[in-house]
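Peer 1: predicted model and sequence below, questions to follow.
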Amino acid sequence: MRGRLRSTTAAVDLAPRAAPAAKPRRKKSFAPEAVRAAKDGLQRDLWESLRPYTWHTPSLRWTAELTLASILVTARELDDGDRFLSPLELERARRLLTTLVPQGEVAEAHRRLDLLATRGARRERLPAGVEPLEVIHLPCTGGAPRLKILVTGGVHGDERCGMGAAVLLAEQLAADERLRREVEITVVPAVMPRTMRAGTRRTADDVDPNRTFAALDGAPAEVRAVAGLIDRGYDLVLDLHGANPVRNGFFALHNGAAELLSPAVGAFAARWPVLRGEVRSYRLSEPGLAESDNQGTLKGYAQRHGARWAVTLEAPASLGYAEQVVGEYALAREIIAAAMAQTAGVA
C-alpha cells in the first residue's frame, strides 16, 4: 500500500572530529544547542522535501548508520520522475548506501578505482612524495569531449564526505553511457591521503593544504601533484569538502560562476537543505550560493589556470555521513548538467 510520508526525526552521526596529530591547535567549539538546532533544522528540511513522494516497502531495513531518511533521500535521487519511491528504487538506494566508501578508508577508495579500471577507465598514479596520487580517468567515448571535468576530494582529511562523494560520482558517471559520449571526467578521490587516514585538516607540520596553492614551492607534494594535473586544462573543476556542524545546509563557493551555479543550486534546493541566513567568511548571494576570497585554494588555482568554472562544494557536518555524500553527489550532478546545458551547440 502507498502512504504519505509523515515527518519524524532520524538519527544522525555527530561523532567528534579527531585532533591534529602534531602541533595541536585550539579547535573551534560549537555550543551543543547550536549543533542540535542545526541538526534538527536539517532533518526537518529533509523530511519536508520528501512530502510530495509516496513510498511502500514492507521489508525495508535500516539501522542507526543506515537511517530511513538516508534511504529515502537516496531513492529520491534514483526516482524515475513519478514521485513514487518504488520497492525497486528503495532497494537500489539501500544497496548504494551499503557500498559507500567508509569514512576515511583510503585503501577502499583506491580499490574502487581499480574496479573502475576494469570497466574502461584509465588509472594513473602521479608522483607525490611518499606515496603516489591516485587518479582515475573516464575518457569520452564519442570522440572529442564537449566538456572536460575534474573532480577532487579529500583536500582536508577531517572532511571525509568529500572522498566518499568523489568515489560515488566516479562510479555513477562511469555507468552513464549517454554522458560519457560527450564528457571526459577525471577524479582524484583523496588529494591528501595521509591526512585523510589521520582524520586531520592540517598536515603533521601544521600546514593547511588548501591555503598553499598560491605558492607551490613550499606546498605539500600532493598539492604540487594535483596542481600539475589542473594545468592539463579542464572546463569545470569541482572540489568536494565538508562544512562545520553549524552550517544549515549544502552550499557552493565560487568567484564569478553565478550564471552556471544559480539554476543548478536552485534545482538542488528543491530536494535538499541549502545554506541560508548570515554567514561569516563568505558572501551569500542567494540560498546555497556564496563567494569566497580565501587565498591559496584549489578552486582559486584552477580558476587562474584556465578553468572556465571552478567550484568548491560544502556538505553540512550536522547531517550523517551517508546524507552528506549523497547530497554532495546530487549537487555535483546538477552542476554538471548545468555546464552541459551552457555548452550545448558549442563545437
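Peer 2: Good, I have the coordinates.

Peer 1: low-scoring stretches of the stretch 1-150 of the chain, by residue?
Peer 2: 1-31, 34, 56-65 (pLDDT under 70).

Peer 1: all the helices of it, residue numbers only.
Peer 2: 32-49, 68-78, 87-98, 106-117 (DSSP state H, counting those that start in this stretch).

Peer 1: counting contacts, what elements does the longest one pack onto?
Peer 2: Identification of packing neighbours for helix 32-49 by 3 or more CB pairs under 8 Å, 6 or more residues apart in numbering; DSSP states H and E yields helix 68-78. (Each C-beta comes from the backbone N, C-alpha and C, glycine too.)

Peer 1: what's next to the helix it packs on, contact-wise?
Peer 2: 5, 10, 43, 46-47, 49-50, 53, 55, 60, 62, 85, 89-90, 92-94, 96-97, 271-272, 320, 322-323, 326-327, 329-330 (CB atoms under 8 Å, 6 or more residues apart in numbering).

Peer 1: list the buried residues of that helix.
Peer 2: Neighbour counts over helix 68-78 (16 or more other CB atoms under 10 Å) mark L68, A69, S70, I71, L72, V73, T74, A75, R76, E77 as buried.

Peer 1: in the stretch 201-347 of the chain, which spans are helices?
Peer 2: 221-230, 258-269, 298-304, 321-342.

Peer 1: turn those helices into a markdown table, columns for mean pLDDT and mean neighbour count.
Peer 2: Shown next, in a markdown table, are the helices of the stretch 201-347 of the chain (pLDDT from 0 to 100; neighbours: other CB atoms under 10 Å):
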| stretch | mean pLDDT | mean neighbour count |
| --- | --- | --- |
| helix 221-230 | 98 | 21 |
| helix 258-269 | 97 | 19 |
| helix 298-304 | 97 | 22 |
| helix 321-342 | 96 | 23 |
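
Peer 1: would you turn those helices into JSON lines with distance to R194?
Peer 2: Shown next, in JSON lines, are the helices of the stretch 201-347 of the chain (distance: least, CB to CB, whole Å):
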{"stretch": "helix 221-230", "distance to R194": "8"}
{"stretch": "helix 258-269", "distance to R194": "32"}
{"stretch": "helix 298-304", "distance to R194": "17"}
{"stretch": "helix 321-342", "distance to R194": "21"}
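
Peer 1: looking at the ones you listed, which is nearest to L126?
Peer 2: Closest approach to L126 among the helices of the stretch 201-347 of the chain (CB to CB): helix 221-230, 4.5 Å.

Peer 1: just the CA trace of the closest one, in PDB.
Peer 2: Provided in PDB are the C-alpha atoms of helix 221-230 (Å, rounded to 0.1, in the frame of the first residue of the first chain):
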ATOM      1  CA  ALA A 221      54.000  17.200  -2.600                       C
ATOM      2  CA  GLU A 222      50.300  16.200  -3.100                       C
ATOM      3  CA  VAL A 223      49.300  19.800  -3.700                       C
ATOM      4  CA  ARG A 224      52.000  20.200  -6.300                       C
ATOM      5  CA  ALA A 225      50.900  17.000  -8.000                       C
ATOM      6  CA  VAL A 226      47.300  18.000  -8.200                       C
ATOM      7  CA  ALA A 227      48.300  21.500  -9.400                       C
ATOM      8  CA  GLY A 228      50.200  19.800 -12.300                       C
ATOM      9  CA  LEU A 229      47.000  17.800 -13.100                       C
ATOM     10  CA  ILE A 230      44.900  21.000 -13.200                       C
END
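
Peer 1: elements contacting that helix?
Peer 2: strand 122-126, strand 133-138, strand 147-153, strand 183-188, helix 298-304.

Peer 1: hmm, try it at 10 Å
Peer 2: Where contact means 3 or more CB pairs under 10 Å, 6 or more residues apart in numbering; DSSP states H and E, helix 221-230 is packed against strand 122-126, strand 133-138, strand 147-153, strand 183-188, helix 193-198, helix 298-304.

Peer 1: how far off centre is it?
Peer 2: Put simply, helix 221-230 sits 20 Å off its chain's centre (CA atoms, centre = their mean, to the nearest Å).

Peer 1: can you offset everything so residue one is 458?
Peer 2: In the new numbering, first residue 458, that becomes helix 678-687.

Peer 1: tell me the angle that helix makes with strand 640-645.
Peer 2: Interaxial angle, helix 678-687 versus strand 640-645 (axes from the mean of the first three to the mean of the last three CA atoms, to 10 degrees): 170 degrees.

Peer 1: would you confirm that P646 contacts R569?
Peer 2: Yes - counting by CB atoms under 10 Å, P646 touches R569, with 8.0 Å between them.

Peer 1: what residues are shared contacts of the two?
Peer 2: Common neighbours of P646 and R569 are listed as V558, I593, V624, L625, A627 (criterion: CB atoms under 10 Å, 6 or more residues apart in numbering).

Peer 1: if you rank those residues by neighbours, which is first?
Peer 2: Highest neighbour count within these, by other CB atoms under 10 Å: V624, with 30 neighbours.

Peer 1: so which of the shared contacts of P646 and R569 belong to strands?
Peer 2: Members of the shared contacts of P646 and R569 lying in strands (criterion: DSSP state E): I593.
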